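A.B. asks: Pasting a predicted model and its sequence here:
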Amino acid sequence: MRAGSPAVRARVPFRTRRGLCRIAVGGPWIRARYDAAMDEEVALYEEGDLTGRVTGSAPRSRVRALNLPHAATAVMLRDARGRVYVHRRTETKDLYPGMHDVWAGGVVLAGEDPVEAASRELTEELGVHGCELRDRGVFWYRDEHTSYLAHSFEALYDPAVHGPVVHQPEEVSAGWWMDWDEFTARLADPEWPFVPDGRVGVERCLRLMEQEERTSDGPQ
């Protein structure tokens, strides 16, 4: 693990829409949670439509099997020092297992508001509560594995306010803080195993940051 504030890995309660259960790493609870997740109803969208108009719903298992267009949230956790929280996905993930990522997120469930979904996923995956989410816009991502409308956000993290980072054990195998310049340098290496959709999201975020910097440096 790299220098910086280490995250806590723990046997933790996990709150689902069905209630509270306890997950034991490597035990039958993880399989049960996975099976339950595959049965969850996921909101469907018209592919390419940026307005977020819902067209229906389907179980997550069907969405994955048929690569149906849906929506997902993506939250990048930053701190006051400008660092970004990088994590490694578990080998049991159904999508991009074992790869690095900086986005905490997941699918938007049927009837769920994307902002509420983003806050929920940030708490579930990284244990962080109450972060204000800065909207970074929406975009479509598609490859042979997934097709979704990404609702992207940044969250400014303060451990004194938002609590420690605690990994959801069936989602995150490790995590650490990384300086932004170091992160972007690593991301420029095509050999670094980083999730492809997350790479697209970061590149888009970098362009937005450059535009904001040019705007702030413009005529007053």
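C.D. replies: Okay, I see it. Numbers count the residues shown, from 1 in each chain.
A.B. asks: which residues are contacting the lengthiest helix in the chain?
C.D. replies: The single longest helix within the chain, with elements called by DSSP state H, is helix 196-216. Residues outside helix 196-216 that contact it (Cβ atoms under 8 Å, 6 or more residues apart in numbering) are 74, 76, 96, 101-103, 136-137, 139, 141, 143, 146, 148, 150, 152, 154, 184, 187. In short, each C-beta sits where N, CA and C put it, glycine included.
A.B. asks: Would you mark the buried spots in it?
C.D. replies: 197, 198, 199, 201, 202, 204, 205 (16 or more other Cβ atoms under 10 Å).
A.B. asks: Out of these, flag the one nearest to residue 109.
C.D. replies: Comparing the buried residues of helix 196-216 against residue 109 with Cβ to Cβ places residue 197 closest, at 18.8 Å.
A.B. asks: how distant is stretch 159-167 from the center of its chain?
C.D. replies: Going by Cα atoms, centre = their mean, to the nearest Å, the spacing between the C-alpha centre of stretch 159-167 and its chain's C-alpha centre is 17 Å.
A.B. asks: Which positions within that stretch qualify as buried?
C.D. replies: 162, 163, 165, 166, 167.
A.B. asks: Check stretch 167-184 too.
C.D. replies: For stretch 167-184, by 16+ other Cβ under 10 Å, it's 167, 168, 169, 170, 171, 172, 173, 175, 176, 177, 178, 183.
A.B. asks: Just the ones in helices from the residues you listed, please.
C.D. replies: residue 183.
A.B. asks: Is it possible to get JSON lines of the buried residues of stretch 167-184 that adds pLDDT and distance to residue 61?
C.D. replies: Below are the buried residues of stretch 167-184 laid out as JSON lines (pLDDT from 0 to 100; distance: Cβ to Cβ, whole Å):
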{"residue": "167", "pLDDT": "98", "distance to residue 61": "25"}
{"residue": "168", "pLDDT": "96", "distance to residue 61": "20"}
{"residue": "169", "pLDDT": "95", "distance to residue 61": "22"}
{"residue": "170", "pLDDT": "92", "distance to residue 61": "16"}
{"residue": "171", "pLDDT": "94", "distance to residue 61": "17"}
{"residue": "172", "pLDDT": "98", "distance to residue 61": "22"}
{"residue": "173", "pLDDT": "98", "distance to residue 61": "23"}
{"residue": "175", "pLDDT": "98", "distance to residue 61": "28"}
{"residue": "176", "pLDDT": "98", "distance to residue 61": "32"}
{"residue": "177", "pLDDT": "98", "distance to residue 61": "35"}
{"residue": "178", "pLDDT": "98", "distance to residue 61": "34"}
{"residue": "183", "pLDDT": "97", "distance to residue 61": "34"}
